[in-house]
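Student: Below are the sequence and a predicted model; questions follow.
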Amino acid sequence: ALPSEQIVSLLSDYADGIADSSEQSAFITLTTPLREAAVPYTKSSAAGVGGSERALMFFLDILREWISVERWFCDGVSYADSVDNLRKSMKEDHAHVLQVCRAHAQLRSTSEIIVSIIDSIAGAIQVDVKTSKLSPIGKRMSLVTGAQSLSDALPCLSEIGSMAGNDIFSSVALRARKLLLQESQPSLEERKKKINEQIELIIAQNRDISTINDETHVPLADIFYPLLDSLPQQHQKLALLELNARKLYQTQILRDFERIESESMLKFTFSAKASESHFSATTRVASMTDLTRALSQSTSMQKLGESSESSDTEGNVLKPSSADRVPPGTSRTAIWKLVDSAKDILNDGDNSSFAQLLSSIPQFNKNAPKCQAGPINNLYIIVTKETIPYGSMDAIAQKLEQLLIPHHSNLASADVRRVSFVFNNEDDTSFGELLL
C-alpha cells in the first residue's frame with residue numbers, strides 16, 4: 001500500500017526543520033507536486049480503500065463533464081435546436097461544439113458509465129465507517145468507500161436527477177434520485193440496528209405484539225434480503241417477515257400472527273377498517289361555508305362507487321369492482337412462505353406442495369365460507385436463493401403465470417385473490433415483487 005500519510009508527514013517535518021526561510025520556501029515549492037499527489041490518498045476513513053478520495057475526485061470530474069455535455073440535449077430539446085444553441089453560445093470555439101456533439105453521440109455508452117459511478121457512490125454512502133466492521137480485502141466494497149468528500153457528489157446527483165427528455169435520460173435521472181432519497185435516510189447500519197431491535201422485540205413478545213409501534217418508520221425494501229441472509233435462525237427470519245408484513249398492511253387491522261418454523265411460513269389474518277367519519281380533530285369548521293363544504297365532500301365520498309351495476313354506459317367510470325364490495329371487517333388470510341426457488345412449490349405435474357401450502361387457509365378446507373364478493377385471501381412467495389435482473393421481470397412473471405395454471409382450481413378453493421412472488425434484484429438495491 002502507498003504510505004501516503006507517512007510521505008505527507010515526512011515532508012512537513014523536514015520543511016519545519018529548515019531554519020533558512022529561503023531554503024524552506026524552495027523545498028516546499030519543489031515538493032508541492034508530490035504532496036498534492038499524496039494528500040488525496042490520506043483522506044479515506046475505510047481500511048483497505050486508501051485511494052477512495054482520489055477515485056472520488058476522478059468520478060466527480062467525469063460526472064461534471066457528462067453534465068456539461070448532456071445539459072444541452074436533455075429536457076426534450078431537439079438535436080437541431082441544441083446544436084444551434086451551442087453554436088450561438090460558443091461562436092468562436094467551433095472545436096468545442098464539435099467535441100460536445102461527438103460526446104453526445106455516445107450517450108447510450110456514457111450513460112452506462114454514469115450509472116456505474118452512481119452505483120459506486122451509492123455503495124459508499126450505504127456504509128457507515130464508524131460502526132461497520134470493514135474487512136480490508138476480500139469483501140465486495142465500493143471503490144470510494146470512506147472518501148471524505150462524498151457529500152461533494154450531491155450537487156452533481158441533483159443536476160442529473162433533474163434531467164429528462166428520453167428513456168436514457170430518465171433512467172439515469174431515476175437512479176440519481178433514488179440515491180438522493182437514500183442519502184436522506186439513516187445510514188444502512190443504523191437501519192439494520194433498529195430493525196434487528198424490532199425483530200428481537202417481536203420474538204420476545206411472541207404472538208402478543210400489539211404494543212410494537214414502528215416509530216422510526218425505517219425503510220426496509222433495500223435491506224430486506226441482506227438482513228434475511230444475515231439472520232442465522234429460522235424464527236428470526238419469520239420475525240423479519242412479520243415486521244415487513246406489518247409495514248405493508250399498516251392500514252389494515254391485523255391479528256392472529258402465527259410463525260410456523262417447520263414450514264418456513266408466516267400466517268395472519270387482516271381486515272379493512274370501517275369507514276371513518278369525514279370529520280376529525282383537524283377538520284376546520286369556522287363558518288357555515290366550511291360546514292357545507294365538509295358535508296358535501298362527505299356525501300360525495302359515500303356515494304363514490306354507488307353507480308348502478310346494470311348501467312353499461314361509457315360514463316359509468318365509478319363502477320365498483322369485486323374487491324371494492326368486500327364488507328369492512330371481513331376476516332381475510334395472508335400466507336407468507338419462504339422458499340429457495342419458485343419451483344420448490346410449483347413443480348410440474350405435482351400439486352401436493354402447493355396444495356399443502358393452501359391448506360393453511362380456512363376456505364380451502366371448508367372451515368370458513370367463501371366471500372360472496374369474490375376472492376379475498378393473499379399468498380406471498382418469498383424466493384431467497386434466486387435473483388433476477390430488473391429488466392426481466394415481465395418475462396419471469398409470464399413464466400410464473402404459466403406455472404400457476406395447473407393450480408387454478410386449488411387457488412379458487414382457497415379463495416385466493418392474489419399470488420405475489422418476491423425476488424431479490426441482482427443489484428441488491430431492492431426486491432422485485434411480481435403480482436399474479
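Tutor: Happy to help now that I have it.
Student: Now do the helices in the stretch 101-250 of the chain.
Tutor: With DSSP state H, counting those that start in this stretch as the definition, the stretch 101-250 of the chain shows helices at residue ranges 107-126, 154-161, 167-183, 188-204, 224-230, 234-248.
Student: Go through these and pick out the most buried.
Tutor: Of the helices of the stretch 101-250 of the chain, the one with the most neighbours on average (mean count of other Cβ atoms under 10 Å) is helix 234-248, at a mean of 20. All C-beta spots, glycine's among them, are computed from the backbone N, C-alpha and C.
Student: and whichever helix or strand comes after that one, which residues are buried?
Tutor: Toward the C-terminus, helix 234-248 is succeeded by strand 252-260 as the next helix or strand (DSSP states H and E). Applying a neighbour-count criterion of 16 or more other Cβ atoms under 10 Å, one finds 252, 254, 257, 259 buried in strand 252-260.
Student: contacting residues for the residue nearest to the third one when sequence neighbours are not counted?
Tutor: Distances taken as Cβ to Cβ, 6 or more residues apart in numbering place residue 268 nearest to residue 257, at 4.4 Å, with adjacent residues excluded. When the contact criterion is Cβ atoms under 8 Å, 6 or more residues apart in numbering, the partners of residue 268 are 242, 245, 254, 255, 256, 257, 258, 333, 334.
Student: Serialize the helices of the stretch 101-250 of the chain to JSON lines and add fields for mean pLDDT.
Tutor: Listed next are the helices of the stretch 101-250 of the chain as JSON lines, based on pLDDT from 0 to 100:
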{"stretch": "helix 107-126", "mean pLDDT": "89"}
{"stretch": "helix 154-161", "mean pLDDT": "92"}
{"stretch": "helix 167-183", "mean pLDDT": "88"}
{"stretch": "helix 188-204", "mean pLDDT": "82"}
{"stretch": "helix 224-230", "mean pLDDT": "85"}
{"stretch": "helix 234-248", "mean pLDDT": "89"}
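Student: want to throw these into TSV with distance to residue 90?
Tutor: What follows is these, written out as TSV (distance: least, Cβ to Cβ, whole Å):
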stretch	distance to residue 90
helix 107-126	20
helix 154-161	20
helix 167-183	22
helix 188-204	44
helix 224-230	48
helix 234-248	52
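Student: for the ones you listed, which one sits closest to residue 422?
Tutor: helix 224-230 (8.5 Å; Cβ to Cβ).
Student: buried residues in the longest strand belonging to the chain?
Tutor: Longest strand in the chain by number of residues, with DSSP state E as the criterion: strand 377-388. By neighbour count on 16+ other Cβ under 10 Å, the buried set for strand 377-388 is 377, 378, 379, 380, 381, 382, 383, 384, 388.
Student: chain center to that strand: distance?
Tutor: Centroid separation between strand 377-388 and its chain, computed with Cα atoms, centre = their mean, to the nearest Å, is 17 Å.
Student: Counting by contacts, list what the helix or strand just after that strand packs against.
Tutor: Using DSSP H and E, the helix or strand that follows strand 377-388 in sequence is helix 393-404. When contacts are defined as 3 or more Cβ pairs under 8 Å, 6 or more residues apart in numbering; DSSP states H and E, helix 393-404 sits against strand 416-425, strand 431-435.
Student: and those strands, which one is worst for confidence?
Tutor: Looking at the helices and strands packed on helix 393-404, the lowest mean pLDDT belongs to strand 431-435 (a mean of 57).
Student: Would you confirm that residue 90 contacts residue 101?
Tutor: No: if you go by Cβ atoms under 8 Å, residue 90 and residue 101 don't touch, sitting 11.4 Å apart.
Student: Same drill for the two, tell me which one is more crowded.
Tutor: More crowded of residue 90 and residue 101, by other Cβ atoms under 10 Å: residue 101, with 16 against 13.
Student: Leaving out sequence neighbours, find the closest residue to the more buried one.
Tutor: Residue 101 sits nearest to residue 83 (Cβ to Cβ, 6+ apart), 6.4 Å away.
Student: Residue 80 belongs to a helix, doesn't it?
Tutor: Yes: assessed by DSSP: H, G, I helix; E, B strand; the rest coil, residue 80 belongs to a helix.
Student: per-residue confidence for it?
Tutor: 92.
Student: what's the closest of the buried residues of strand 377-388 to residue 67?
Tutor: Closest to residue 67, out of all of these and judged by Cβ to Cβ, is residue 388, at 31.8 Å.
Student: what sits opposite the closest one in the beta ladder?
Tutor: residue 425 (DSSP bridges).
Student: Give me the distance between it and residue 342.
Tutor: 10 Å (Cβ to Cβ, to the nearest Å).
Student: ditto for residue 200
Tutor: Taking Cβ to Cβ, one finds residue 200 at 30 Å from residue 342.
Student: cool, and residue 21?
Tutor: Distance from residue 21 to residue 342, by Cβ to Cβ: 76 Å.
Student: In terms of neighbours, single out the busier of the two.
Tutor: Using other Cβ under 10 Å as the criterion, residue 21 and residue 342 rank with residue 342 on top: 18 against 8.
Student: Run a quick check on the more buried one versus residue 420, I expect a contact.
Tutor: No: using Cβ under 8 Å, residue 342 is not in contact with residue 420, being 11.6 Å away.
Student: Show me whatever sits in contact with both of those two.
Tutor: residue 381.
Student: ok but residue 91 is inside a helix, no?
Tutor: No: assigned with three-state DSSP, residue 91 falls outside any helix and is coil.
Student: Can you give me the pLDDT of it?
Tutor: Reading off the model, residue 91 has pLDDT 84.
Student: now swap in the one 3 residues further on and tell me
Tutor: At residue 94, the model reports a pLDDT of 87.
Student: Just give the number of residues close to it.
Tutor: Using other Cβ under 10 Å, residue 94 has 11 neighbouring residues.
Student: Please tell me how far it sits from residue 82.
Tutor: Taking Cβ to Cβ, one finds residue 94 at 16 Å from residue 82.
Student: go on, residue 31?
Tutor: Residue 31 is 46 Å from residue 82, by Cβ to Cβ.
Student: before we move on, what about residue 337?
Tutor: In terms of Cβ to Cβ, residue 337 sits 53 Å off from residue 82.
Student: Specify the local secondary structure of residue 336.
Tutor: Going by three-state DSSP: residue 336 is strand.
Student: okay, it: pLDDT?
Tutor: Value for residue 336, per-residue pLDDT: 92.
Student: Now do the contacts for it.
Tutor: 241, 245, 265, 266, 267, 380, 382.
Student: For the residue nearest to residue 273 when sequence neighbours are not counted, list the residues it contacts.
Tutor: Of all residues not flanking residue 273 in the chain, residue 253 sits nearest, at 5.8 Å (Cβ to Cβ, 6+ apart). Residues in contact with residue 253 (Cβ under 8 Å, 6+ apart) are 270, 271, 272, 273.
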